[in-house]
Structure formats: C-alpha cells, structure tokens
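Peer 1: my questions concern the predicted model and sequence given below.
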Amino acid sequence: MGVTCVSQVPVAEGKSVQQTVELLARRLEALGADKQGTFGVDCETYHTAATLGTQGQTGKLMYVMHNSEYPLSCFALFENGPCLVADANFDTLMVKLKGFFQNAKANKIESRGTRYQYCDFLVKLGTVTMGPSARGISVELCSQVEFCPSHQLQGSGLCSQVEYCPCVIANDCWNLLMEFMQSFMGSHTPGIPSVFGSKHDSTYSPGDTMVQYMELFNKIRKQQQVPVAGIR
C-alpha cells in the first residue's frame, strides 16, 4: 500500500449523511474515478479489568481493529502507544483474556462504503456508524503501488507482484495528496495527519492507517451535538 490520509467530512447543510456521501461520490466520478468494490474498517474498545487497575487510576483502553484490505490480519492499538499486527486469531485470544480486558460492546464503531480508483490514487468514502446510527463520513485517500512481474510479496492471502511504490515516505508526498483532496473536498481538505510527524523518512505502514482510523473514531465518539458548517 502507499501513503494514506484518513479524515472526516462534515455533513452538507440540509442533507443527510447518505446524501452527502452521494454528493462526494458524484464529484469523484466527475473527475474520472471508477468504482472498485467496497471496504470496511471496524473498531472494538477494550478496557483493563477493574481488578487490574491501581485504585484511583483510570484503566488503559485498547482498540482491536480490522480492515477489509487485510482480511487475515488484526490490529491492536493503545492510545499514544504501539500498534500490534497479529493474525485473525487474535480475536479468539481476546475472549480468553476477558479476565484482563473487558469488551465495551456499546462502543463498537465502523466505517463502510465504496472504493474508487483514480490514476495512482485509491479513495474510500465511508459512512461511520455506531450501532444503528450513522455518526459521520470518513474519507481515506491512498497513493497506489505499481504492479509488474518482479518480486513476490505475500499478504492478505494473495501473492502480489510488487516492484515499486511511488509514495512510501509520508512527508515526500503530502503536497500531492493535499492537492488531489482539494479537488473534491474543497475547503474541508484536512491538515497533515499527526502520524506523519512521527514517520520522518521511515516507510509508511498499514499500522499508520489504522492509527488514523482510531483517532478519527475517537473524535467522532467525543463530538457533541453542536452546529457544524457542512460542505456546499
């Protein structure tokens, strides 16, 4: 995968979440983007069991996440902490660790929607939901890899032929990502993700995308019912 930016888009004035998603989709299609299937990212919250926490201190939260782009992987993240990448059996392990980590089931949140391909970019428009309620809109923009018969890379249950990724250093391609986002997000184009600041010249990884989704989901959870300027 290439460098990715995950952001939230406010609901357009006088429109629903679904109508705003359709508006953004029409803008992408007008640019020449093609639909490329669907995607899903989900997040469940676990907190340390009361018996483990020190009296008077708040227990730590751990987020267990899945991404349809990596169906054989599971991601476990702590806020301001490391991102652990494990196989899908990690969910079974969490059940066995219920004496240490308790699942806050009411806090499950996910983003699902449509993938769009435009040249070297992959765009994912998602509706963020908690339970039956739509809570917001997510946009994920990723620079794409180039494929050719070269070295094999095993991942996501498939064998891909990968020679070169045009954007794997986050800070080297931010201006390019921002310029493309402005073409369909306008004034709601996001600022540079905080995760980019810690990457410097190191290679971008799928875990960095999951950190951005974790931050987005936590932001949406905490948002209050206050007026927000929608897109036009």
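Peer 2: Nice, I can see it.

Peer 1: now do stretch 173-189: distance to the chain's middle.
Peer 2: Shown here is stretch 173-189, whose average C-alpha point lies 17 Å from the average C-alpha point of the whole chain (Cα atoms, centre = their mean, to the nearest Å).

Peer 1: right, I mislabeled it, should have said stretch 132-145
Peer 2: Using Cα atoms, centre = their mean, the distance from the centre of stretch 132-145 to the centre of the chain it belongs to is 6 Å.

Peer 1: same check on stretch 72-92?
Peer 2: Counting by Cα atoms, centre = their mean, stretch 72-92 comes out at 14 Å from the chain centroid.

Peer 1: any idea where the strands of the protein begin and end?
Peer 2: According to DSSP state E, the chain carries its strands in the segments 4-9, 34-48, 61-67, 73-78, 83-87, 101-103, 109-118, 121-130, 133-143, 146-155, 158-164.

Peer 1: nearest to T209, out of those strands?
Peer 2: Go through the strands of the chain one by one with Cβ to Cβ and the one that ends up closest to T209 is strand 4-9, at 4.5 Å. Every C-beta, even on glycine, is put in place using the N, C-alpha and C of the backbone.

Peer 1: could the C-alpha coordinates of that closest one be exported in CSV?
Peer 2: The C-alpha trace of strand 4-9 is given here as CSV (Å, rounded to 0.1, in the frame of the first residue of the first chain):
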residue,chain,number,x,y,z
THR,A,4,-2.7,7.2,3.2
CYS,A,5,-4.6,10.1,4.7
VAL,A,6,-7.8,9.4,6.7
SER,A,7,-10.1,12.3,7.5
GLN,A,8,-13.7,13.2,8.4
VAL,A,9,-16.0,15.2,6.2
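
Peer 1: avg pLDDT for that strand?
Peer 2: Confidence over strand 4-9, taken as the mean pLDDT, stands at 91.

Peer 1: parallel or antiparallel, list what pairs with that strand.
Peer 2: Strands that pair with strand 4-9, judged by DSSP bridges, come out as strand 133-143 (antiparallel).

Peer 1: how about the partner strand: buried residues?
Peer 2: Using 16 or more other Cβ atoms under 10 Å as the burial criterion, the residues of strand 133-143 that qualify are R135, G136, I137, S138, V139, E140, L141, C142, S143.
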